[in-house]
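In: Sequence first, predicted coordinates after that:
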Amino acid sequence: MKRTRISLFALVAALAVPALYLAAGCGGAKTQVADTKTYICPMHPEVVKDGKGSCPICGMDLVPKEEAPVAPAAAHETWICPMHPEIVKDRKGSCPICGMDLVRKEEGDSAGGAGVAGVPGFATVTIDARKRQLLSLKTAKVERGTFGTGIRTVGRVAFDERRVHHVHTRYEAYVEHVAADFTGKHVRRGEVLAHVYSPELFATQQEVLLALRAVRALGPQADPSAREGAERLLEAARQRLRLWEVTEKDIAALEARGEPLRSVPIYAPSSGYVTARTAFHGMKVMPADTLFDIVDLSSVWVLADVYESELPRVKVGQTGRMTLAYRPGRSWTGKVTYVYPSLDEKTRTAKVRLEFANPREELKPEMFADVVLESAPRTALRVPDDAVLDSGTRKVVFVAKGEGVLEPREVKVGEQGGGAWEILSGLSEGEEIALGASFLVDSESRLAAALAGMRDGATPATGPEGHVAAPAPPPSAPHDGHEH
């Protein structure tokens, strides 16, 4: 009996010792496991700790951060930013540009790309019929036809600066009568503008009359030298009147009358309109004073604004056609006579001067005009304006390959005009290209190119025009209890 009790005791002890060791081991493991939760501030997500506490910025209690388990990256699973498609990562996260949460990119969302095309940053895309209808995406053929490079712009009618006349006297005088007595009056060449009295001019008239009497008194039988001297004196007095702009008609009238005129007329040097007047009755005028400004409007200028990018297409002698709002259905034809050498720093345009005949004086200075600078048409490949995407460094079009497949292709363009681009290279006549909603197709193509780079293991992903997108952040490392 005693031996049996000893055996039973030994059996219990043998079973108890492992249990104690197991309990001790479990208890030790429990004491070593730390709280692995991450705590963040609700108001300041950048404050991250691996334990409870308060935010050092606002003092709020930190709360546990709920983290969804990160699934193992699959070859077909990518995450993109809804606002910046060039941001592509292989796991969930946030956009480094705008901070939005990345969304999973489904394979069916993008046009089933046929791989990256020959244009860097673009890929061939496929858009089904439903999406093409929603995008109002159409196609058109590349055609060869007449290409006109007319430049449409606006202009302003101005007077011809070469037809402006300033009226002066060449002597001191006093205004005694004004015939052109208001600004805007139309005068004809040779019409009297005013009458002035000048003591110097009056004395010179008397000298002419005295010299004339002396020549007539000598007669043909007089001494030749005396007669020659008198004639020279008469001619010198006449020449002085001519230099003071006294006409030959007035000199002849003076000699026929035999008496000097007190008030001498001032004539209009040309036909036109009086645009300025400073002559008033009774005022004293000096040679430096402008009495009248007269502008001849039989020919006018039109100053058109042309952008600097269009200046190479403007030539002196080029034909220009002008229309005015106040005369619908009527047009005027003129010529480019000068291209001004400087640009306006605000509008980035240069002035181009055109000359137009204005025999009926229908064109008034300061009128606004619509101007078309025409050039000789030529035959060239042409595509509509909205088919060409300008990325800043290259021009790209999407060629329709059938069944919704759109292939990006870089082209070289020439001039633009008439709602079309001239194609120098990159397209052939008869090819079909996408029209309308091209910017959406452009986004799809760039996104497909970025995804293809991710699938091929290219790191980091590239964005538009080769810009490198932000790389995905590394896996979270264990926190050391310090703020991040």
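Out: Thanks, I have the structure now.
In: tell me the pLDDT at the nearest residue to Gly148 once chain neighbours are set aside?
Out: Take Gly148 and drop its neighbours on the chain: the residue closest to it by CB to CB, 6 or more residues apart in numbering is Pro377, 4.7 Å away. Every C-beta, even on glycine, is put in place using the N, C-alpha and C of the backbone. As predicted, Pro377 sits at a pLDDT of 76.
In: how far away is Pro377 from Thr153?
Out: Distance, Pro377 to Thr153, by CB to CB, to the nearest Å: 19 Å.
In: Counting neighbours, go ahead and name the busier of those two.
Out: Neighbour count, other CB atoms under 10 Å: between Pro377 and Thr153, Thr153 has more, with 19 against 14.
In: just to revisit the earlier point, surely the residue nearest to Gly148 and Gly150 touch.
Out: No: Pro377 is beyond contact range of Gly150, at 9.0 Å (criterion: CB atoms under 8 Å).
In: in which helix or strand would I find the residue nearest to Glu143 when sequence neighbours are not counted?
Out: Nearest residue to Glu143 in three dimensions, chain neighbours excluded: Arg382, at 6.2 Å (CB to CB, 6+ apart). Element membership of Arg382, judged by DSSP states H and E, is strand 378-384.
In: Can you name the next helix or strand after that strand?
Out: As assigned by DSSP H and E, the chain's next helix or strand after strand 378-384 is strand 389-390.
In: Partner strands of that next one, with direction?
Out: strand 395-402 (antiparallel) (DSSP bridges).
In: Outside of the strand it pairs with itself, list whatever touches it.
Out: Around strand 395-402, the neighbours that count as contacts under CB atoms under 8 Å, 6 or more residues apart in numbering are 119, 122, 124, 139, 383, 387-389, 406-413, 421, 426-427, 431-434, 438, 441-442, 445.
In: Could you list which of those belong to strands?
Out: Counting by DSSP state E, these place 139, 383, 389, 406-413, 421, 432-434 in strands.
In: which pair in these spans the largest distance?
Out: Based on CB to CB, the longest span within the ones in strands among the contacts of strand 395-402 runs between Thr139 and Lys412 and measures 21.2 Å.
In: Comparing these two, which shows the higher neighbour count?
Out: The neighbour comparison of Thr139 against Lys412 (other CB under 10 Å) goes to Thr139, with 16 against 12.
In: My guess is that one contacts Leu406. True?
Out: No: look at Thr139 against Leu406 with CB under 8 Å: they stay out of range, at 9.2 Å.
In: Pull up the overlap in contacts between the two.
Out: Here Thr139 and Leu406 have Ala400, Ala434 as joint contacts, going by CB under 8 Å, 6+ apart.
In: which stretches of the chain aren't confidently modelled?
Out: Along the chain, segments meeting pLDDT under 70 span 1-36, 66-76, 85-86, 105-118, 436-439, 450-484.
In: domain assignment for it?
Out: Using automatic domain parsing, the domain parsing of the chain gives 1-33, 35-67, 78-109, 110-148+379-466, 151-160+296-376, 169-289.
In: Let me see the contact set for Glu432.
Out: Applying CB under 8 Å, 6+ apart, the residues near Glu432 are Thr139, Ala140, Lys141, Val142, Val399, Ala400.
In: And the helices in the chain?
Out: 2-32, 129-134, 199-218, 224-243, 248-257, 438-455 (DSSP state H).
In: State the distance from Met83 to Gly99.
Out: Taking CB to CB, one finds Met83 at 10 Å from Gly99.
In: just Asn358 next, same as before
Out: From Asn358 over to Gly99 the distance is 64 Å, taken as CB to CB.
In: Of these two, which one has the most company?
Out: Legend: neighbour count by other CB under 10 Å for Asn358 and Gly99, higher for Asn358 (19 against 10).
In: Was I right to think that one contacts Trp301?
Out: No: using CB under 8 Å, Asn358 is not in contact with Trp301, being 10.1 Å away.
In: Near Ser443, how many other residues are there?
Out: 14.
In: same deal with Val264?
Out: Neighbours of Val264 under the rule other CB under 10 Å: 24.
In: now do the one 10 residues further on
Out: Residues contacting Val274 under the criterion other CB under 10 Å number 20.
In: what residues are up against it?
Out: By CB under 8 Å, 6+ apart, the neighbours of Val274 are Ala180, Phe182, Thr183, Gly184, Lys185, His186, Val187, Phe292, Asp293, Ile294.
In: Roughly how far does Arg327 sit from Leu363?
Out: As defined by CB to CB, Arg327 lies at a distance of 10 Å from Leu363.
In: Looking at these two, which has the bigger crowd around it?
Out: Each of Arg327 and Leu363 has its neighbours counted (other CB under 10 Å); Leu363 has more, 22 against 12.
In: so that one makes contact with Gly334?
Out: No: using CB under 8 Å, Leu363 is not in contact with Gly334; the gap is 10.1 Å.
In: intersection of neighbour lists for those two?
Out: Taking CB under 8 Å, 6+ apart as the contact rule, Leu363 and Gly334 both touch Phe356.
In: list the buried ones in stretch 139-146?
Out: Going by neighbour count (16 or more other CB atoms under 10 Å), the buried part of stretch 139-146 is Thr139, Ala140, Val142.
In: Make TSV from those residues and add distance to Glu255 to it.
Out: Listed next are the buried residues of stretch 139-146 as TSV, based on distance: CB to CB, whole Å:
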residue	distance to Glu255
Thr139	90
Ala140	84
Val142	84
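In: Nearest to Arg213 among those residues?
Out: Arg213 lies nearest to Val142 out of those, by CB to CB, at 92.8 Å.
In: how far away is the closest one from Thr149?
Out: Counting by CB to CB, the gap from Val142 to Thr149 is 19 Å.
In: And for Ala214?
Out: Per CB to CB, Ala214 is found 74 Å from Thr149.
In: And those two? Which one has more around it.
Out: Shown here are Ala214 and Thr149; by other CB under 10 Å, Thr149 has more neighbours (19 against 16).
In: Contacts only, for that one.
Out: Contact analysis of Thr149 by CB under 8 Å, 6+ apart lists Arg313, Ser375, Pro377, Glu415, Gly417.
In: do Arg313 as well
Out: Arg313 is in contact with Thr149, Ile151, Leu373, Ser375, Glu415, counting by CB under 8 Å, 6+ apart.
In: Might you calculate how far stretch 51-62 sits from the centre of the chain?
Out: What separates the centre of stretch 51-62 from the centre of its chain is 53 Å, taken as CA atoms, centre = their mean, to the nearest Å.
In: For that stretch, what is the spacing between the initial and final residues?
Out: In stretch 51-62, first residue to last residue: 9 Å (CA to CA, to the nearest Å).
In: buried ones in it?
Out: Under 16+ other CB under 10 Å, the buried positions of stretch 51-62 are Cys55, Leu62.
In: Next: stretch 391-406.
Out: Per 16+ other CB under 10 Å, stretch 391-406 contains these buried residues: Lys395, Val396, Val397, Phe398, Val399, Ala400, Gly404, Val405, Leu406.
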